[in-house]
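Undergrad: Sharing a model prediction with you, sequence too.
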Amino acid sequence: MYEMDQYYVERCLDGHPDDFRYLVRRYQGALLAHLAGKLGNKDNAEEAAQETLVRAYFGMDKLKKPESFFFWLLGIADHVAKEHHRKEQIRRQRETIRSFSQEATSPELSQDYALESAIAELPEEYRKVVLLRYYASHSCNQIAESMAMPLGTVTKTLSRAYAMLRQSLQQQQRAKTYEV
Amino acid sequence: MNCAECKELLVGYVEGFLDESQKQTVAGHLTSCRSCRAELDVVRGLRERLVANGKVLAQTALENDVMNQIVREQNVRLKTPNRISQAIGIRRILMKNPIVKLAAAAVIVIGVFAVINFLGGTGSSVTLAAVLERVEQVQAFMYKMKMNTTGNIQPGMPPGEQQMEGTITISTEYGMKMDMDMNMVVNGASQKMKQLMYVLPNEKKVYMITPEQKQYITIEFDESVLARMKKQSNDPREFLRQVVNSKYTDIGKSVIDGVEVEGFETTDPACLGGMMEDVKVTLWVDRKTELPVREEMHYKMNDQMQMEVELYDFQWYAQVNADEFKPVIPQDYTTLLPGGYKMPSASEEGAIEGLRFCEQIMGRYPKKIDMMNLMNEIVAIKDSNSPTGAALKLKEEMDKLPEEEKAKKIMEIMRPVQSLGMFYMMLAQDKKEPAYYGESVTPADADRVLMRWKVSDSEYRVIYGDLRVETITAEKLAELEAALPK
């Protein structure tokens, strides 16, 4: 049976912390895609996703609308990503000073970084629809419900998102070609 | 259809959300247009890429790491006193759930009755008869209570632990007053709460007040319950009759707080009304005054809850006045149940209604019908994988209600179930030999005994699987019970 996010949020608040895992399962893909697009490397994205989920768990009593759990989660993820950026900058600076001559080994990029960063560049509504559709396996009807928009709008948004993704991916491709 | 129109619909085409006529038009155009076919391949390619990436990310082993980190973090928070409140998990246990409050109150009341039971029932030895005689004459007394409960403290909650400590005043004239501090720990998170409870037989009311939350509940007692409460708090000899068959052992002399005492011990479940298991009660009586100075109780309720209770600092012959038994509820307090709550009637009809309700909502009878288990089974409905139509309808109805009306609705729903639990509890206390076979008897077993109790020396009242009721002879009952599946 498909339970709404609200159900699991209530369960957690009612003292069943273990039920949080269903929310983790449901949204880890979308969260990772979102963060990988922002942070680039795979380990950082995983670390940030974990941090985001733990923070969400402990902040759940502040969640006003349990039905918009996912969007709230993305908000937390954005905060975490910003903090990571800051930390990462400091770390890089230190590393550069320490090992100025050594070539730093580049961290492992996630499996399809090009795609994830293209998603990260999408305007918010478009990004949400793509994340829910392909990374959280929502049907268009479920998306319509959770984003409180008519089904027609969801499908239009998705079509438009495709066009933007293609454009963004092409640009990345071109930039790469110039680099070479 | 031209190419621009076709391209517009391609995402919908691969995603499958076009209607039949659109789909056919697009398909028709594609067969004749090479450029649009190329475009379709690109869209398909992107979709596959998204799906593939989504699958990879969904398989990342994040779940266990996250859950483990939550547990670690929870523990750290608990060790830091000022962060305890941040550790969630029980925020709503006490404050938002009136059933739970009632259940907690029921447990306390049972505990208190048990004390009186024991005091009343200690008449089998010469010394204890004297104790009883003295206690009977007492108009008002006070004592302190410490209670530690472990296991499934609250219906529908994971196991936890609860400590309660407080002062109780009992007056034959005014009723009972309890001033308790509770500390509940569930899932490693703890919550403290103060609760004042007044049981006022003259007003036929119970008040429960939680001053920190500025909330209160009033419960009105039905005549049947009230008559019983009056009887119990006014006539300890009633218990003497009840428990006269309990076996006690004199465990000898000891000294408590400089007072020479004599100890008595019983493990007879009958001394707690036959409702508990693994019972062990120890009573220490002052040898000079022949009044109890300390009582220790240990018992289990339906395998789910263990309780350790200590009663001490008895002040017999306490001075009380009427004002002490008038609940003070300031203007800014709110009630969780507007209009109060009427305690269900503990009657045969009420019990049958309760059974019928369980059958409708769970599709079967409850396995056991002590209050805790009933609550647990009913609360578990909302997590059921195969809910009955009635349960789904109820859930739907509940979801539609605004938050502030939910509590009242829950109480209404629970009323027949509570009737059932109370009826059985009273039969047990009255030694009417009740038995219940809900684990093996189903609504389809029309002629099997679901529940029975004694009505006279040779007759029993029986509720059958189809909820018919009949008074039958002891012989007939023996036959029926022999036919039950083991």
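TA: Perfect, thanks for sending it.
Undergrad: what about the helix ranked longest in chain B, near chain A?
TA: Selection of the longest helix in chain B by residue count, based on DSSP state H, yields helix B:403-429. No. Helix B:403-429 stays out of contact with chain A when judged by Cβ under 8 Å from any Cβ of the partner chain, the minimum separation being 11.6 Å. For every residue, glycine as well, the C-beta is placed using N, CA and C.
Undergrad: Next SSE downstream of that helix?
TA: strand B:435-436 (DSSP states H and E).
Undergrad: Distance from the helix or strand that that next one is followed by to the middle of the chain?
TA: Once strand B:435-436 ends, the next helix or strand along the chain (criterion: DSSP H and E) is strand B:449-454. On the basis of Cα atoms, centre = their mean, to the nearest Å, strand B:449-454 sits 24 Å off its chain's mean C-alpha point.
Undergrad: how far off strand B:449-454 does whichever helix or strand comes after strand B:449-454 point, in degrees?
TA: Where DSSP H and E defines the elements, the next helix or strand beyond strand B:449-454 is strand B:459-464. Orientation note: strand B:459-464 sits at an angle of 160 degrees relative to strand B:449-454 (axes from the mean of the first three to the mean of the last three Cα atoms, to 10 degrees).
Undergrad: and the gap between B:Lys23 and B:Ile463?
TA: Distance of B:Lys23 to B:Ile463, computed by Cβ to Cβ, to the nearest Å: 61 Å.
Undergrad: low-scoring stretches of the stretch 251-400 of chain B, by residue?
TA: B:269-276, B:301-304, B:336-337, B:340-344, B:372, B:382-384 (pLDDT under 70).
Undergrad: Direction included, what does the helix or strand harbouring B:Met208 pair against?
TA: Using DSSP H and E, B:Met208 maps to strand B:205-210. Within its sheet, and counting by DSSP bridges, strand B:205-210 is paired with strand B:189-200 (antiparallel), strand B:215-220 (antiparallel).
Undergrad: Tell me which stretches of the stretch 101-250 of chain B form strands.
TA: Taking DSSP state E, counting those that start in this stretch as the test, the strands found in the stretch 101-250 of chain B are B:140-151, B:160-171, B:175-186, B:189-200, B:205-210, B:215-220, B:249-256.
Undergrad: Report the distance from the fourth one to the chain centre.
TA: Its chain's C-alpha centre lies 15 Å from the corresponding centre of strand B:189-200 when counted by Cα atoms, centre = their mean.
Undergrad: Let me have stretch A:80-88 in PDB, keeping just the CA atoms, if that works.
TA: Extracted in PDB, the C-alpha atoms of stretch A:80-88 (Å, rounded to 0.1, in the frame of the first residue of the first chain):
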ATOM      1  CA  VAL A  80      23.800  21.500   4.000                       C
ATOM      2  CA  ALA A  81      25.200  22.000   0.400                       C
ATOM      3  CA  LYS A  82      26.100  25.600   1.200                       C
ATOM      4  CA  GLU A  83      27.900  24.600   4.300                       C
ATOM      5  CA  HIS A  84      29.700  21.900   2.400                       C
ATOM      6  CA  HIS A  85      30.800  24.400  -0.200                       C
ATOM      7  CA  ARG A  86      32.200  26.600   2.500                       C
ATOM      8  CA  LYS A  87      34.100  23.700   4.200                       C
ATOM      9  CA  GLU A  88      35.300  22.500   0.900                       C
END
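Undergrad: Contacts (any at all) between chain B and that stretch?
TA: No. Stretch A:80-88 stays clear of chain B (Cβ under 8 Å from any Cβ), getting no nearer than 13.1 Å.
Undergrad: Run through who's touching that stretch.
TA: A:35, A:38-39, A:44, A:47-48, A:51-52, A:55 (Cβ atoms under 8 Å, 6 or more residues apart in numbering or on different chains).
Undergrad: Nearest to B:Glu39 among those residues?
TA: A:Lys38 (30.2 Å; Cβ to Cβ).
Undergrad: Would you map the helices across chain A?
TA: Using DSSP H, helices in chain A cover A:5-13, A:20-39, A:42-58, A:69-98, A:113-121, A:124-130, A:140-146, A:151-179.
Undergrad: Next, the angle from the second one to helix A:69-98.
TA: Read that as helix A:20-39. Using the same axes, to 10 degrees: helix A:20-39 against helix A:69-98 is 50 degrees.
Undergrad: how far is helix A:20-39 from where the chain is centred?
TA: Helix A:20-39 has its C-alpha centroid displaced from the chain centroid by 6 Å (Cα atoms, centre = their mean).
Undergrad: what's the distance between the residue most central in space within chain A and A:Ala148?
TA: Central residue of chain A (Cα atoms, centre = their mean): A:His34, 2.1 Å from the mean position. Going from A:His34 to A:Ala148 by Cβ to Cβ gives 20 Å.
Undergrad: now swap in B:Asp268 and tell me
TA: Distance, B:Asp268 to A:Ala148, using Cβ to Cβ: 63 Å.
Undergrad: out of those two, which sits in the more crowded spot?
TA: B:Asp268 (16 against 9; other Cβ atoms under 10 Å in any protein chain shown).
Undergrad: gap between the two ends of stretch A:129-136?
TA: 10 Å (Cα to Cα, to the nearest Å).
Undergrad: out of the contacts of stretch A:80-88, which is most surrounded?
TA: That'd be A:Leu35 among the contacts of stretch A:80-88, by other Cβ under 10 Å, with 29 neighbours.
Undergrad: Verify the contact between that residue and A:Gln50 for me.
TA: No. A:Leu35 is beyond contact range of A:Gln50, at 10.0 Å (criterion: Cβ atoms under 8 Å).
Undergrad: so B:Phe141 makes contact with B:Tyr317?
TA: Yes. Between B:Phe141 and B:Tyr317 there is a contact at 7.0 Å, judged by Cβ under 8 Å.
Undergrad: who has more neighbours, these two?
TA: B:Phe141 (19 against 13).
Undergrad: What is the neighbour count of A:Tyr113?
TA: Neighbours around A:Tyr113, by other Cβ under 10 Å: 20.
Undergrad: What separation is there between it and B:Glu290?
TA: Using Cβ to Cβ, A:Tyr113 is found at 85 Å from B:Glu290.
Undergrad: can you pull the contacts of residue 57?
TA: No chain specified, so I'll use chain A. A:12, A:17, A:20, B:66, B:70, B:88.
Undergrad: Sorry, I should have been clearer: chain B.
TA: A:28-30, A:32-33, A:36, A:111, A:135.
Undergrad: Now render these as TSV, adding distance to B:Ala52, pLDDT and neighbour count.
TA: Shown next, in TSV, are the contacts of B:Leu57 (distance: Cβ to Cβ, whole Å; pLDDT from 0 to 100; neighbours: other Cβ atoms under 10 Å in any protein chain shown):
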residue	distance to B:Ala52	pLDDT	neighbour count
A:Gln28	16	90	26
A:Gly29	12	90	24
A:Ala30	15	92	29
A:Leu32	14	91	29
A:Ala33	12	90	30
A:Ala36	14	87	28
A:Gln111	8	69	13
A:Tyr135	11	90	25
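Undergrad: Run through these and flag the ones next to chain B.
TA: Within those, those near chain B by Cβ under 8 Å from any Cβ are A:28-30, A:32-33, A:36, A:111, A:135.
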